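Engineer: Return atomic coordinates for the entry below.
(chains A and B)
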Amino acid sequence: DVKVTQSSRYLVKRTGEKVFLECVQDMDHENMFWYRQDPGLGLRLIYFSYDVKMKEKGDIPEGYSVSREKKERFSLILESASTNQTSMYLCASSPWTGAGRTGELFFGEGSRLTVL
Amino acid sequence: GENVEQHPSTLSVQEGDSAVIKCTYSDSASNYFPWYKQELGKRPQLIIDIRSNVGEKKDQRIAVTLNKTAKHFSLHITETQPEDSAVYFCAASSGGGNKLTFGTGTQLKVEL
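Structural biologist: Here you go, the predicted structure:
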C-alpha cells in the first residue's frame, strides 16, 4: 500500500510565524503535490514537484514556498503565516506514467493549520 | 489555465436511487478526468477515471461519461447506499506535468 505521511495533523501558529509542513511518501513516486482544501473551494494546487530539487507553481503559490531535497520528502513552507492561510493542507504523490499521462494521486491524511 | 466547474454542490438522494454529478472543463487539451471520493475526516481516494479516448467507463455501481465536444463529464452512481455518502471531487488534467485541477466538490448524502 502506498503511504503518504504528513508530519502534523493539527497545528496552531501565530501570525508572522514560519511554518513547516512535512510530507513523506514511501513508494518512490516522482511527483509530489501540495494542495489546500477549503469549504466551497475544493482542492487548490499550491506547488508541485516532478523530481528532486525541481518545483513548479500551482494555482495559488503566493505566500508559500517548497523544498524537495530528497525524492521521498516534500516540504511546504509558510515564511510568515497569516490568518488567511488557516486551512487544511493535503500532500499527495503520484508515479510517473509516461509523457503526457497523469497518474493516480495518493493523498496524505492532511494537516489542519490554524493561524491566530 | 484549466478551470473545472462542478454541480451540484450538495445532493441528497434516497437509498437505492441514482445520483449524478456533473463537471465542465475549459482546456480542450485536457485528456484525463478522475473522480475522487472523500469520506468525512479521511483523505480523498480515486474511485474511477476516464481518458479522452473513451466516452464511458463503468465499475460496478459507478460510471463516468465524457463528452469532449461539449467539454463536460459526469459521475453516475446507481443503487446508492449509505456508504456512498461523502464529498466527491472531479478533476481534469492536460497531462503536461501531471497537474490536476479539481472541481469544488459535491456533498452527497444518501438517506435511509
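
Engineer: Would you state the strands of chain A in chain order?
Structural biologist: Taking DSSP state E to define them, one finds strands in chain A at A:4-6, A:10-13, A:19-25, A:31-38, A:42-49, A:56-57, A:65-70, A:73-78, A:87-94, A:106-107, A:111-115.

Engineer: which parts of the second one are buried?
Structural biologist: Taking 16 or more other Cβ atoms under 10 Å in any protein chain shown as the neighbour-count basis, strand A:10-13 is seen to contain the buried residues A:11, A:13. Heads up, the C-betas are built off the backbone N, CA and C, glycines and all.

Engineer: Report whether that strand contacts chain B.
Structural biologist: No: judged by Cβ under 8 Å from any Cβ of the partner chain, strand A:10-13 stays clear of chain B, getting no closer than 12.4 Å.

Engineer: Just the CA trace of that strand, in PDB.
Structural biologist: Listed next in PDB are the C-alpha coordinates belonging to strand A:10-13 (Å, rounded to 0.1, in the frame of the first residue of the first chain):
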ATOM      1  CA  TYR A  10      -3.000  19.700  13.700                       C
ATOM      2  CA  LEU A  11      -1.000  22.900  14.100                       C
ATOM      3  CA  VAL A  12      -1.800  26.200  15.800                       C
ATOM      4  CA  LYS A  13       0.500  29.100  14.900                       C
END
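
Engineer: Would you mind putting the strands of chain A into a markdown table with distance to B:Gly105 and mean pLDDT alongside?
Structural biologist: A markdown table is the format used below for the strands of chain A (distance: least, Cβ to Cβ, whole Å; pLDDT from 0 to 100):
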| stretch | distance to B:Gly105 | mean pLDDT |
| --- | --- | --- |
| strand A:4-6 | 20 | 96 |
| strand A:10-13 | 22 | 96 |
| strand A:19-25 | 22 | 97 |
| strand A:31-38 | 9 | 96 |
| strand A:42-49 | 5 | 94 |
| strand A:56-57 | 23 | 92 |
| strand A:65-70 | 24 | 96 |
| strand A:73-78 | 21 | 97 |
| strand A:87-94 | 12 | 96 |
| strand A:106-107 | 14 | 95 |
| strand A:111-115 | 17 | 97 |
